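Enquirer: got a structure for you, letters missing:
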């Protein structure tokens with residue numbers, strides 16, 4: 001754990017380790033949508049696992065201060081980030097969250113009625129389908145562009161840090 005904290009920094013480790021509770025919670029959200037229909041999903045198991053892992057994650061976070069961290073530039077260290085880097089990283093997270101939400105919705109929705117209505121030539125469902133496709137494209141393009149901007153801001157920060165060390 002000490003190596004991971006030193007490699008990613010405290011903020012990066014906290015973000016990366018949050019997957020131990022976020023994935024079971026996402027499974028719970030998806031299975032709770034499907035459970036009333038097919039009676040095969042067990043959402044309470046995933047919720048229980050997610051809550052237990054959330055408690056484990058909080059316990060991990062309380063122990064982060066005792067691990068030493070060497071002084072170097074890290075990608076996701078909030079204390080080191082420039083305001084531009086924070087802004088573009090937040091934008092990337094927002095677009096990625098929108099993409100994940102779209103995919104979660106797409107995975108748990110029965111598309112049959114929408115496709116049948118589009119096939120029948122109804123304008124409302126067709127507009128909805130176009131809006132959903134536009135949202136998907138906007139989330140993918142937004143995530144990619146904001147990630148590029150965040151990466152450029154990170155590289156500028158690292159160059160500035162290297163120049164300051166040389167002087």
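Expert: Yes, it's here. None of these values were measured; they are calculated from a predicted model. Numbering: from 1, shown residues only.
Enquirer: okay, CA-based contacts and neighbour counts for the rest of this
Expert: OK.
Enquirer: where in the chain is pLDDT low?
Expert: 1, 4-8, 10, 27, 29-43, 167 (pLDDT under 70).
Enquirer: in it, which spans are helices?
Expert: Using DSSP state H, the helices of the chain run over 2-17, 19-38, 43-62, 83-108, 112-119, 123-166.
Enquirer: Which one of the ones you listed lies nearest to residue 75?
Expert: helix 123-166 (6.6 Å; CA to CA).
Enquirer: re the thing from before, make CSV from the helices of the chain and add mean neighbour count and distance to residue 72 to it.
Expert: Listed next are those as CSV, based on neighbours: other CA atoms under 10 Å; distance: least, CA to CA, whole Å:
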stretch, mean neighbour count, distance to residue 72
helix 2-17, 17, 9
helix 19-38, 16, 25
helix 43-62, 16, 21
helix 83-108, 17, 17
helix 112-119, 13, 52
helix 123-166, 15, 9
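Enquirer: For residue 77, which of those helices is the nearest?
Expert: Nearest of the helices of the chain (CA to CA): helix 2-17, 5.4 Å.
Enquirer: So what does residue 121 have for phi and psi?
Expert: phi 80, psi 20 (degrees, to the nearest 10).
Enquirer: what's the burial count for residue 64?
Expert: 18 (other CA atoms under 10 Å).
Enquirer: Just list the residues touching residue 11, thanks.
Expert: 76-78 (CA atoms under 8 Å, 6 or more residues apart in numbering).
Enquirer: re earlier: between the helices of the chain, which one is nearest to residue 68?
Expert: Closest of the helices of the chain to residue 68 is helix 2-17, at 7.1 Å (criterion: CA to CA).
Enquirer: Please tabulate the contacts of residue 11 in JSON lines and include neighbour count as additional columns.
Expert: Shown next, in JSON lines, are the contacts of residue 11 (neighbours: other CA atoms under 10 Å):
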{"residue": "76", "neighbour count": "19"}
{"residue": "77", "neighbour count": "15"}
{"residue": "78", "neighbour count": "15"}
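Enquirer: Kindly report the domain assignment for this structure.
Expert: 1-78, 81-167 (automatic domain parsing).
Enquirer: State the distance from residue 143 to residue 151.
Expert: Distance of residue 143 to residue 151, computed by CA to CA, to the nearest Å: 12 Å.
Enquirer: on that earlier part again, the helices of the chain: which one's closest to residue 70?
Expert: The minimum distance between residue 70 and the helices of the chain falls on helix 2-17, with 6.4 Å, by CA to CA.
Enquirer: isn't residue 2 right next to residue 70, touching?
Expert: No - with contact defined as CA atoms under 8 Å, residue 2 does not count as touching residue 70 (11.0 Å).
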